[in-house]
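> give me a model of this one.
(one chain, ligands or ions: 1)
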Amino acid sequence: MKNYLIYFAQSYPNFRRPELESLANLNNFSFDLSHHDESKPFIVVQLENDDQAKKIMDRSILSRGIYELWGQGSNYDELHANIKATSQDKFEVYKKSSFKFDFIGYKGSKSREERVEIIQNFKYLAFEGGVRLKNPDEVFTVLEEYSVSGMEKATTPRNIWFGRQVQLSSRTENVLDKYDLRRRKYIGTTSFDAELSLVTCNIGQVGPGKVCYDPFTGTGSFLVASANFGALPIGSDIDVRMLRGKGKNCNIQANFKQYGTSTQFLDVLTMDFTNNAFRKDFVIDSIVCDPPYGVREGLKVCGAKHPEKAEGRENIVIEGEKAHLRRDFIQPKKPYELSDLLDDLLFFAGERLPIGGRLAFWMPTANDDFQVNLIPQHEQLELLYNLEQEFNKWSRRLLVYVKRDETYKGKTTNGLKSQNIANFRDRYFNGFNDQSK
Ligand SMILES: C[S@@+](CC[C@H](N)C(=O)[O-])C[C@H]1O[C@@H](n2cnc3c(N)ncnc32)[C@H](O)[C@@H]1O
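So this is what the prediction gives:
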């Protein structure tokens, strides 16, 4: 095993570990991240080789890069002593490679002149390959962590690492810029933030050539994110207007075109999830979604609100055709409970996912009445992660489940219903002041 240094972005630190664990697992290996400290942007981990390092990093959204660690210290003397003591064997390997030096400073940085002086002090590496600033064979990186007390900026770092750059993340390669909602052709009030859509797909283990289904597609944020990772996205939504978009150049297809992933896009269909029309043998590898919770969009299912009034309507005939079989027929809709919809989602995933397939969805909760047992469970799905994104009085949680084989005996519970938790929508519009259930 070799030491590698991961440099994280300062974004959703509680999602970092699940993201990297999921990417490792997708590539059939695991590594220890139990010492991860969410307040720190650097972590040293042990991996077999560069190949593993590349596999967890190239898709990562919450990391910036990974480096083969050559040495570390709390000052430059310590750093150099450590490099000479532990990494002499590596000097020879890269002796003839062209190279350049790079600097990364967390909460501080060195001036140009200081950097030149620091580079001079690495002369003992005795590299002969020559400096090449554009496309060098290797990039050697000095990573510094400064401490900040109050408004004072420290001038000397408290930790320094030196390493060979193995892989920069897709975040560093500007994937967030590419998927930024401000530049996306078709968005709506329900469009999901690009960064977290991509993270959801990583933790949901959306993979190249695999079918990824979003049952509550809306404007298709998860579909385009999944295609970014090579998946074959398919979506459905009860509201045809969402899927149709706002014209030829402002719809879900236009978004795929914009990102150059049209050839992967399977399709979107208008469908009430609770009356799912997919063939039973249609293989779905992962499910990622943001179910409706009634704040920006209604939670409705097909059916009559007052069945007694609707009696006999199936016999209405227009121009010799049964009204409900005509192309222009608009289904009546009735309200539905979020708790029941989540139950349906878990049952669907339990039935349709392959063993090892993942379901990842977002669930809103009011902070003052959240308990772990609110999280819905299904006997064939193991809850892997419950990741909170906190707002003022409420949170949304990314819940990630994996389908287990029949030897796994979990418990099926409808958490929200069993706890008789007040409707999230009502509490949201009450500013979470009203606790009456
Ligand atoms: C929170 S939005 C999802 C937004 C989506 N992630 C996006 O990027 O725009 C939930 C979606 O679920 C849809 N929906 C509501 N009830 C549904 C049902 N019974 N079956 C399928 N879709 C439904 C709504 O029309 C809405 O588009």
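> quick one: least confident helix or strand in this protein?
Lowest mean confidence among the helices and strands of the chain (mean pLDDT, DSSP states H and E): helix 415-418, at a mean of 64.
> I'd like the next helix or strand past that helix.
helix 424-429 (DSSP states H and E).
> what average pLDDT does that next one get?
The average pLDDT within helix 424-429 is 72.
> so how far is that helix from its chain's centroid?
Distance of helix 424-429 from the chain centroid (CA atoms, centre = their mean, to the nearest Å) equals 26 Å.
> in that helix, what's buried?
Neighbour counts using 16 or more other CB atoms under 10 Å place 424-425, 427-428 of helix 424-429 among the buried residues. Bear in mind the C-beta positions are built from the backbone N, C-alpha and C, glycine included.
> and what of stretch 276-288?
Neighbour-count burial for stretch 276-288 [16+ other CB under 10 Å]: 278, 284-288.
> tell me which of the residues you listed is nearest to the ligand?
Closest to the ligand out of the buried residues of stretch 276-288 is V288 (9.1 Å), distances taken as CB to the nearest ligand atom.
> that closest one: what's it in contact with?
Neighbour list for V288: 200-201, 204, 206, 212-214, 222, 225-226, 359-361 [criterion: CB atoms under 8 Å, 6 or more residues apart in numbering].
> of all those residues, which two lie farthest apart?
Pairwise distances across the contacts of V288 peak at 15.8 Å for A225 and L359 (criterion: CB to CB).
> between the two, which has more neighbouring residues?
Just comparing A225 and L359: by other CB atoms under 10 Å the higher neighbour count belongs to A225, 30 against 27.
> if we can go back for a sec, turn the buried residues of stretch 276-288 into a markdown table, columns for secondary structure and distance to the ligand.
Output for the buried residues of stretch 276-288, formatted as a markdown table (DSSP: H, G, I helix; E, B strand; the rest coil; distance: CB to the nearest ligand atom, whole Å):
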| residue | secondary structure | distance to the ligand |
| --- | --- | --- |
| F278 | coil | 13 |
| I284 | coil | 15 |
| D285 | coil | 19 |
| S286 | strand | 15 |
| I287 | strand | 13 |
| V288 | strand | 9 |
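> what's the farthest-apart pair in those residues?
Farthest pair in the buried residues of stretch 276-288, by CB to CB: F278 and V288, 15.9 Å.
> what are the ranges of the helices in the chain?
13-26, 50-57, 76-86, 88-93, 112-120, 175-179, 194-203, 221-228, 240-244, 252-259, 307-310, 338-352, 415-418, 424-429 (DSSP state H).
> any idea which of the ones you listed scores lowest on pLDDT?
The bottom spot among the helices of the chain, by mean pLDDT, belongs to helix 415-418, with a mean of 64.
> point me to the residue of the stretch 151-300 of the chain nearest the ligand.
Closest point on the stretch 151-300 of the chain to the ligand, by CB to the nearest ligand atom, is G218, at 2.5 Å.
> could you check how far whichever residue of the stretch 301-437 of the chain sits closest to the ligand is from L341?
Closest contact between the stretch 301-437 of the chain and the ligand, by CB to the nearest ligand atom, is at V301 (4.4 Å). Relative to L341, V301 is positioned 8 Å away (CB to CB, to the nearest Å).
> between the two, which contacts overlap?
With CB under 8 Å, 6+ apart as the test, V301 and L341 both reach 273-274.
> the two - which one has more neighbours?
Per other CB under 10 Å, whichever of V301 and L341 has more neighbours is L341, with 21 against 18.
> tell me the contacts of that one?
Going by CB under 8 Å, 6+ apart, L341 touches 273-274, 291-292, 299, 301.
> where does E311 land on pLDDT?
Note on E311: pLDDT of 81.
> what residues are up against the closest residue to the ligand within the stretch 1-150 of the chain?
For the stretch 1-150 of the chain and the ligand, the shortest gap (CB to the nearest ligand atom) falls at I61, measuring 16.8 Å. Under the criterion of CB under 8 Å, 6+ apart, the neighbours of I61 are 9, 19, 169-171, 175-176, 195, 198-199, 202.
> N159 too?
42, 72-74, 144-145.
> and which of those is nearest I238?
For the contacts of N159, the nearest to I238 is F42 (45.8 Å; CB to CB).
> what are the bridge partners for that closest one, then?
According to DSSP bridges, the partner residues bridging F42 are Y7.
> number of nearby residues for the closest residue to R132 other than its chain neighbours?
Spatial nearest neighbour of R132, chain neighbours left out: S98 (4.0 Å); criterion: CB to CB, 6 or more residues apart in numbering. Residues lying near S98 (other CB under 10 Å) number 17.
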